[in-house]
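Q: have a look; sequence and predicted model below, questions after that.
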Amino acid sequence: MSETKLDVRDLQTRFYTDDGQVNAVDGVSFTVESGEVFGIVGESGSGKSVTALSLIDLVESPGRIDGGEIWFRSPEMADRLADDSPAAVDGEMVDIRQLDDRERRSLRGAEFATIFQDPMSSFNPSLTVGEQIAEAVEAQKRAQANPRSTRSRTQGYGFASFVADSLLPRRDYVSEDATTRAVELLELVGIPDPADRADEYPHQFSGGMLQRAMIAQALASEPSVLVADEPTTALDVTIQAQVLDLLADLQAETGMTTVLITHNLGVVARMCDRVGVMYAGELVERGTLGEVFDESVHPYTEGLLGSIPDLDGESGRLSPIEGNVPSLIDSEMESRCYFADRCPKAMEECLDKPPEYEVTDDHTAMCYLADHDYDPGNALPEGYFDAE
């Protein structure tokens, strides 16, 4: 029987801007089992990437994680913190949000690794790809020796480091073993001639090869959780397929727990065991892949599925979702279903905030249709929200 690796409860992340408070992640909850691939899918602006950044504590100002719990299974950490921070420990689970900054930083790289959307902006242009992967290996070795250590002894990635690296003599800051491991990782992710490519700079790699290198860097720390934020967005279709195959093979081989962020339902169908559908900062439906795809309840989920071309279908027309994602500024958000103004099945009940209904043991939906039949006689009149 699988164990829960991540248990996210009522996560709330907000951005404080001149225009007001933006509720980017609004009470999101989900669990991910060990070795599972959990997908979060939705339109641009739905809060997917902010959710990913919240998991790894990389939300930048003016953003802030204002509430919620992120429970992570780590028997070693739970045992170490049981006496000093008992409120943050529940059996083998640890609430990351209750840890101090240094403890949370120690998890990044060591336990949580991330693949970002744009590999070119994620590598230092002044260092070879091999050096940067070797640095990740070196940092992990020190983290294993001292779980609360920082990466201060490794080469930095800021502007000052860029200037210093250009003007000052180069120092060896990674071991020969780490360099060898970097080459092995490049070979693992399918980069040809890995020893030679390790000595090349990021600009000498194609987009697909650089994304493979980023995956190698993520694997350097042997993480137990991989957060992949739109890992194939910047790639062409053929390279996308290759990278997805690589991720699937590595996930099966290593048993990593994976949180996959995407707007592409095809990627979800190909990669995920369970999926959460995100809209306006909320997970409006979540469940197993089969339940969400074949027995969807929320009209937004149905709309996303209806937007996919069906080559075997009789109709040649797509059914796109009309309208746009609503403003997430707190003062402009109403206490109703956020999808109601775009929903073809909106009823008077939708003018109140829907609770989360349990469709099955592992299938939930924030929609009255999960518990009520659609009543055309109670439907909101066309153009109801136009006057707002």
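A: That came through, no problem.
Q: got the residue ranges for the helices in the chain?
A: Along the chain, counting by DSSP state H, helices occupy 48-55, 75-81, 101-107, 129-145, 159-167, 176-188, 194-197, 207-219, 237-254, 265-271, 289-294, 299-306.
Q: pLDDT weak spots in the stretch 101-250 of the chain?
A: Residues of the stretch 101-250 of the chain that meet the criterion pLDDT under 70 lie in 143-173.
Q: swap in 50 and give it another go.
A: Low-confidence segments of the stretch 101-250 of the chain, defined by pLDDT under 50: 150-160, 162-164, 167-171.
Q: now do the contacts for the most centrally placed residue in the chain.
A: Central residue of the chain (Cα atoms, centre = their mean): Ala52, 3.5 Å from the mean position. By Cβ atoms under 8 Å, 6 or more residues apart in numbering, the residues touching Ala52 are 40, 114, 227, 229, 259, 261. C-beta coordinates here come from the backbone N, C-alpha and C atoms, glycine included.
Q: looking at those residues, which are in strands?
A: The strands, defined by DSSP state E, take in 40, 114, 227, 229, 259, 261 from the contacts of Ala52.
Q: identify the farthest-apart pair in those.
A: Pairwise distances across the ones in strands among the contacts of Ala52 (Cβ to Cβ) peak at 14.0 Å, for the pair Ile40 and Thr114.
Q: the more surrounded of the two?
A: Ile40 (26 against 23; other Cβ atoms under 10 Å).
Q: can I get the contacts of Ala52 in a markdown table including distance to Ala216?
A: Shown next, in a markdown table, are the contacts of Ala52 (distance: Cβ to Cβ, whole Å):
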| residue | distance to Ala216 |
| --- | --- |
| Ile40 | 24 |
| Thr114 | 13 |
| Val227 | 16 |
| Asp229 | 17 |
| Val259 | 19 |
| Ile261 | 20 |
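Q: who does the nearest residue to Phe38 once chain neighbours are set aside form a beta bridge with?
A: Computed as Cβ to Cβ, 6 or more residues apart in numbering, the closest residue to Phe38 that is not its neighbour in sequence is Val32, at 4.3 Å. Counting by DSSP bridges, Val32 forms beta bridges with Leu6.
Q: do you know how far Val32 is from Pro202?
A: Val32 sits 31 Å away from Pro202, going by Cβ to Cβ, to the nearest Å.
Q: quick check: phi and psi on Pro354?
A: Main-chain dihedrals, Pro354, degrees, to the nearest 10: phi -80, psi 140.
Q: so it makes contact with Tyr368?
A: Yes: between Pro354 and Tyr368 there is a contact under Cβ atoms under 8 Å: 5.4 Å.
Q: give me the common contacts of those two.
A: Cys337.
Q: Glu230 and Val267 touch, don't they?
A: No: applying Cβ under 8 Å, one finds Glu230 not in contact with Val267, separated by 9.1 Å.
Q: how about Asp280, nearest residue that isn't a chain neighbour?
A: Wrong residue type there; residue 280 is Ala, not Asp. Tyr338 (4.0 Å).
Q: CA atoms only for stretch 361-376, dumped as PDB, please.
A: Presented in PDB, the C-alpha positions along stretch 361-376 are these (Å, rounded to 0.1, in the frame of the first residue of the first chain):
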ATOM      1  CA  ASP A 361     -13.600   8.400  -2.200                       C
ATOM      2  CA  ASP A 362     -10.900  10.000  -4.400                       C
ATOM      3  CA  HIS A 363     -12.900  12.400  -6.600                       C
ATOM      4  CA  THR A 364     -14.000  15.800  -5.500                       C
ATOM      5  CA  ALA A 365     -15.500  18.800  -7.200                       C
ATOM      6  CA  MET A 366     -16.400  22.400  -6.200                       C
ATOM      7  CA  CYS A 367     -19.700  22.500  -8.100                       C
ATOM      8  CA  TYR A 368     -23.300  22.100  -7.200                       C
ATOM      9  CA  LEU A 369     -23.700  19.700 -10.100                       C
ATOM     10  CA  ALA A 370     -21.700  17.100  -8.100                       C
ATOM     11  CA  ASP A 371     -24.700  16.800  -5.700                       C
ATOM     12  CA  HIS A 372     -27.600  18.200  -7.800                       C
ATOM     13  CA  ASP A 373     -29.000  17.600 -11.200                       C
ATOM     14  CA  TYR A 374     -28.900  20.500 -13.700                       C
ATOM     15  CA  ASP A 375     -32.300  22.300 -13.700                       C
ATOM     16  CA  PRO A 376     -32.800  24.400 -16.900                       C
END
